[in-house]
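[1] this one's sequence-less:
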């Protein structure tokens, strides 16, 4: 049986693009010059992605400002002092704060997909940000004339449009980035916050038909950024029982960097539901060491002892560079890790086929 394999999404941007983004923010270069850098980075990324042998590719998120805030880039009703997300190494990321309604996306992820589709014939995957992540834009103090209930109704409508745009544009799969899932348990160990996030995301997922949900998945990781994380200390055993309540088919789970892998596999085995598929992370995107295909194969073979083969697939732990300024991993290393994942998956597939034939 073939083992599916897909990337998560982001690839480190070329240094010239990162420098260009900085220059653009200072007014040193114009939009036309920046667009040339975007085009160059996108073409190179897709060419190198194709060379890895990956059966499904992404645009590397080369033109997204970040995986989280692309829909609101350019929105005028924002203040900079929103929720702060601390990482283990001491650095932080800060979301903006919504100041007025109605809430509307400025960019839908399908626009990125449409551009990438002009540059490749391979199936494309597109990541979208979760509704729960964007719900953090609404301030605790509220907004005069725009209730939280009205905001959430607008948010779910926009999130649904984002998913449907990608499906209509021909995405092989649409991945909802839900990296705040694990973080929510750190902020609220009672899991009340996580349950509210899941309920919110399910509002949008439940609007999709069963056939549409076959191509929709959810990504969860401890938040990789600048080789650090925000919630790797949260046990998967606390997350997975609730995570699998999401009404999605595919689940993209960070795994290679987990210390107690058998405990994670046991938690998946106990909570995975019929009709759901786990794309297990088999490359550690926070480590510069490039896994060998044989190492990847062995991770998959061990996982196959816990997860039915029909429900097992592979991916990378996280995106390599979810924020545009993250250059902690080189492009060369990222693509070699992807190549190792693809080749290791094929080795595992051959080994499992041989084992089945011998039975």
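    Received the coordinates, thanks. Computed from a prediction, not measured in an experiment: that's the story for all the values here. Numbers count the residues shown, from 1 in each chain.
[2] quick check: next helix or strand after the strand or helix carrying residue 166?
    Secondary structure assigned from DSSP states H and E places residue 166 in helix 148-168. Later in the chain than helix 148-168, the nearest helix or strand by DSSP H and E is strand 173-177.
[3] which residues touch that next one?
    With contact meaning C-beta atoms under 8 Å, 6 or more residues apart in numbering, strand 173-177 is reached by 6, 8-9, 56, 67-68, 125-130, 133, 163, 166-167, 201, 215-219, 248, 250, 252, 322. All C-beta spots, glycine's among them, are computed from the backbone N, C-alpha and C.
[4] just checking, which of those residues belong to strands?
    125, 126, 127, 128, 129, 216, 217, 218, 219, 250, 252 (DSSP state E).
[5] hang on, the fifth one packs against residue 65?
    No: the pair residue 129 / residue 65 is not scored as a contact, 11.6 Å apart, by C-beta atoms under 8 Å.
[6] out of those two, which sits in the more crowded spot?
    A count of neighbours by other C-beta atoms under 10 Å puts residue 129 above the other of residue 129 and residue 65, at 24 against 16.
[7] show me what contacts the more buried one?
    Per C-beta under 8 Å, 6+ apart, neighbours of residue 129: 67, 68, 69, 70, 71, 162, 176, 177.
[8] center of this protein, which residue is that?
    residue 177 (4.1 Å; C-alpha atoms, centre = their mean).
[9] for residue 141, see how far away it is.
    Separation of residue 177 from residue 141 (C-beta to C-beta, to the nearest Å): 27 Å.
[10] also residue 249?
    For residue 249, the distance to residue 141 equals 38 Å [C-beta to C-beta].
[11] more neighbours: the two, which one.
    Set residue 249 next to residue 141 and count neighbours by other C-beta under 10 Å: residue 249 wins out with 18 against 7.
[12] quick check: that one touching residue 217?
    Yes: contact criterion C-beta under 8 Å: residue 249 and residue 217 qualify, at 6.3 Å.
[13] so what sits against both of these two?
    The contact lists of residue 249 and residue 217 share residue 277, where a contact means C-beta under 8 Å, 6+ apart.
[14] and residue 278, that one's in a strand?
    Yes: assessed by DSSP: H, G, I helix; E, B strand; the rest coil, residue 278 belongs to a strand.
[15] isn't it up against residue 253?
    Yes: taking C-beta under 8 Å as the definition, residue 278 is a contact partner of residue 253 at 6.0 Å.
[16] the more surrounded of the two?
    residue 278 (26 against 21).
[17] how about that one, nearest residue that isn't a chain neighbour?
    residue 251 (5.2 Å; C-beta to C-beta, 6 or more residues apart in numbering).
[18] same for the helix or strand containing residue 266, what does it pack against?
    Using DSSP H and E, residue 266 sits in helix 261-271. Here helix 261-271 touches helix 236-243, helix 293-303, going by 3 or more C-beta pairs under 8 Å, 6 or more residues apart in numbering; DSSP states H and E.
[19] columns mean pLDDT on top of the ones you listed, output as TSV?
    Below are these laid out as TSV (pLDDT from 0 to 100):
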stretch	mean pLDDT
helix 236-243	93
helix 293-303	97
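[20] mean neighbour count and distance to residue 193 added to those helices, as a markdown table?
    Converted to a markdown table, these look like this (neighbours: other C-beta atoms under 10 Å; distance: least, C-beta to C-beta, whole Å):
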| stretch | mean neighbour count | distance to residue 193 |
| --- | --- | --- |
| helix 236-243 | 18 | 11 |
| helix 293-303 | 19 | 29 |
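[21] which residues in the chain form helices?
    For the chain, applying DSSP state H gives helices covering 15-25, 31-51, 110-117, 131-135, 148-168, 180-187, 192-205, 210-213, 236-243, 261-271, 293-303, 331-358.
[22] with distance to residue 229 added, can I get these in CSV?
    Output for those, formatted as CSV (distance: least, C-beta to C-beta, whole Å):
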stretch, distance to residue 229
helix 15-25, 22
helix 31-51, 24
helix 110-117, 26
helix 131-135, 16
helix 148-168, 25
helix 180-187, 9
helix 192-205, 17
helix 210-213, 29
helix 236-243, 13
helix 261-271, 15
helix 293-303, 20
helix 331-358, 17
